[in-house]
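# need the 3D shape of this:
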Amino acid sequence: MGYADKFIDIASKVVGNNNVVTDEKELIKYSSDHSFVKPTTPIAIVRPGSVEEVQQILEYANKFLVPITPLSGGTNNLGGTIPAPGGVILDLRRMNRILDVDPRASMASIEPGVTFEQLQQFLAKYSHRALTPIELPKTSSALSTYLDLAPLYGWVYYAEEILTTMTIVLPDGTLIKTGQQAFPQIKWPYVHSHASPFAGLMNYIWYQSQGTLGVVTQGWIKIKPIGETVEAFFVGIDDEKDLYKVVREIMWLRYPRDMAIFNNTDAALFFAEDSPDYSSKVADLASKLPKWVVAFTLRSRKDGVEVMVADLKDKLGALGLRLLDDLPDVPNAKEKFISEVAYPSGWPKYSKYRGARTVLPFICSLKDIPSMYQALQKLAEKHGFPANNVGVTIAPTDRIGVVACNVAFNRALEGEEVQKAKKLYLDVALELLKLGAFYSRPYGVLAKLMYERAQVYYEVLMKIKRTLDPNNIMNPRRLSITEEW
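Numbering: from 1, shown residues only. Purely as a prediction, here's the structure:
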């Protein structure tokens with residue numbers, strides 16, 4: 001019996017035979033996603049149900065040198081859960097408990113298997129809500145989404161950091177808690193003090209670590225009041241050069257609680273009804289919408305929202321623009337936006353447009369969007385790729401100068417068009433990098449692009465990795481600079 005077989009045998013005893021999958025047909029489902037990351041079939045899927053089981057699994061993985069890739073929300077479209085060769089998927093979806101809620105402090109404690117849909121329904125009893133992702137569906141793991149700093153609608157007002165403290169199983173099975181959770185005598189262990197090495201510094205080590213430094217099994221997250229009155233509004237813009245000026249004026253008032261900026265392609269993908277003729281509806285709607293749509297919510301008391309609306313109308317009127325409470329050719333746009341913010345459809349719906357949706361996520365200044373968008377259009381044309389198949393969605397942060405931007409390639413699942421989109425993806429990634437884009441979540445080939453250009457940073461990162469994971473069992477593929485297409 002080889003090391004892998006021994007590990008699988010022991011894992012079966014730890015989590016039970018029913019929670020270890022070795023069937024080839026099932027394993028293949030975990031081998032790829034909608035990204036361009038090279039597929040790899042895991043040797044097994046292990047589904048722990050407790051922190052103690054996670055500890056034992058990692059302890060034995062270290063002993064038998066079996067690579068582990070954590071998964072907590074199903075497949076994605078970035079390649080983050082595709083395992084290393086000879087590796088095992090650690091499926092955390094059985095760990096799906098909402099452990100505690102403190103509505104007075106607007107905090108909740110959750111496990112990695114808790115989905116946004118589950119969390120929203122639970123928090124509604126407390127008149128609270130979770131901040132949701134722009135690109136990911138409601139079935140995604142809330143904890144891993146926050147840990148990965150995936151763009152949220154609520155970034156515009158609440159900023160990027162939603163996790164305050166966390167519980168982590170290190171690669172050797174040791175348990176560590178960050179922040180005030182490290183002190184069992186503290187009654188409310190979720191206060192996040194940036195000045196404390198127990199909170200800020202320790203948390204930052206695991207933010208966006210892509211499962212390479214351990215497994216986060218619990219986290220205290222910030223939740224938000226739903227609001228007595230919730231309204232949605234839109235602003236149409238026909239030139240991306242005006243985006244910064246318009247969005248700056250809207251955000252200066254600090255009124256929007258959720259916000260996204262779409263080009264007409266992504267706006268059509270967002271608002272078109274999910275139906276058998278979804279693709280034709282998207283194409284038709286995109287031709288009728290403004291080139292850019294700014295969408296946001298206002299949440300407050302009824303009289304408070306009325307004041308916000310009046311102020312926004314004045315601001316936009318001075319720019320020659322109107323505050324819209326609906327969009328042309330989009331029935332019930334207001335209700336659709338509010339509903340999608342609460343329970344997002346994300347990329348699984350959008351992928352139905354052309355068979356798949358591959359996303360290139362990056363951070364940049366909103367001022368750089370016009371030059372980047374023009375470069376994107378030129379490259380799409382050069383590669384013979386229809387511009388209306390390339391979508392852009394922007395999540396503005398509370399700091400107007402920085403945005404998270406997704407450039408999405410909707411493509412057929414097979415054939416020559418995939419290779420064409422693949423080449424376009426790499427060329428766009430290189431060009432945007434030159435224009436100032438920063439890939440804060442470098443999956444697949446993006447890791448190679450970023451780490452090769454930051455050798456000292458990469459060397460320090462690997463020192464941390466070797467300290468915490470000397471046997472390199474935790475998701476080793478994510479820090480590779482030799483990733484193949």
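
# drop to CA atoms for contacts and neighbour counts, all remaining ones
Noted.

# burial check on residue 460, number of neighbours?
As a burial measure, residue 460 scores 11 neighbours (other CA atoms under 10 Å).

# in PDB, list the C-alpha atoms belonging to the helix or strand containing it.
Following DSSP states H and E, one finds residue 460 within helix 455-468. Taking Å, rounded to 0.1, in the frame of the first residue of the first chain, the C-alpha atoms of helix 455-468 are listed here in PDB:
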ATOM      1  CA  GLN A 455      11.100  38.500  -6.800                       C
ATOM      2  CA  VAL A 456      11.800  39.800  -3.300                       C
ATOM      3  CA  TYR A 457       8.200  39.800  -2.400                       C
ATOM      4  CA  TYR A 458       7.900  36.200  -3.700                       C
ATOM      5  CA  GLU A 459      11.000  35.100  -1.700                       C
ATOM      6  CA  VAL A 460       9.600  36.500   1.500                       C
ATOM      7  CA  LEU A 461       6.200  34.900   0.800                       C
ATOM      8  CA  MET A 462       7.900  31.500   0.300                       C
ATOM      9  CA  LYS A 463       9.800  31.900   3.600                       C
ATOM     10  CA  ILE A 464       6.500  32.400   5.400                       C
ATOM     11  CA  LYS A 465       5.100  29.400   3.500                       C
ATOM     12  CA  ARG A 466       8.100  27.200   4.400                       C
ATOM     13  CA  THR A 467       7.900  28.200   8.100                       C
ATOM     14  CA  LEU A 468       4.200  27.300   8.400                       C
END
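
# which helices and strands does it pack with?
Other helices and strands packing on helix 455-468, by 3 or more CA pairs under 8 Å, 6 or more residues apart in numbering; DSSP states H and E, are helix 445-452.

# what's the angle from the helix it packs on to helix 455-468?
Following axes from the mean of the first three to the mean of the last three CA atoms, to 10 degrees, one obtains 110 degrees for the angle between helix 445-452 and helix 455-468.

# if we look at helix 445-452, which residues are touching it?
The set of residues external to helix 445-452 that reach it, using CA atoms under 8 Å, 6 or more residues apart in numbering, is 37, 429-430, 439, 442, 457-458, 478-485.

# please work out the average pLDDT along stretch 330-340.
For stretch 330-340, mean pLDDT is 96.

# CA atoms only: put it into PDB for me.
Extracted C-alpha coordinates of stretch 330-340, given in PDB (Å, rounded to 0.1, in the frame of the first residue of the first chain):
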ATOM      1  CA  VAL A 330     -35.500  46.400 -18.000                       C
ATOM      2  CA  PRO A 331     -38.800  45.700 -16.200                       C
ATOM      3  CA  ASN A 332     -38.600  46.000 -12.400                       C
ATOM      4  CA  ALA A 333     -34.900  46.900 -12.600                       C
ATOM      5  CA  LYS A 334     -35.000  48.300  -9.100                       C
ATOM      6  CA  GLU A 335     -36.400  45.100  -7.600                       C
ATOM      7  CA  LYS A 336     -34.000  43.000  -9.600                       C
ATOM      8  CA  PHE A 337     -30.900  44.900  -8.300                       C
ATOM      9  CA  ILE A 338     -32.100  44.700  -4.700                       C
ATOM     10  CA  SER A 339     -32.800  41.000  -5.100                       C
ATOM     11  CA  GLU A 340     -29.500  40.200  -6.700                       C
END
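
# returning to what we had before: and the buried ones among the contacts of helix 445-452, selectable in ChimeraX?
To isolate the buried ones among the contacts of helix 445-452 in ChimeraX, judged by 16 or more other CA atoms under 10 Å, type:
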select :37,429,439,442,458,478,479,481,483
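
# which positions in the host helix or strand of residue 304 come out as buried?
According to DSSP H and E, residue 304 maps onto helix 302-318. Neighbour-count burial for helix 302-318 flags 305, 308, 309, 312, 313, 315, 316 (criterion: 16+ other CA under 10 Å).

# equivalent analysis for stretch 373-381, please.
Buried residues in stretch 373-381, counting neighbours by 16+ other CA under 10 Å, are found at 373, 375, 376, 377, 379, 380.

# can you pull out the strands in the stretch 101-250 of the chain?
Using DSSP state E, counting those that start in this stretch, the strands of the stretch 101-250 of the chain run over 107-110, 128-129, 163-169, 175-177, 215-222, 224-225, 229-237.
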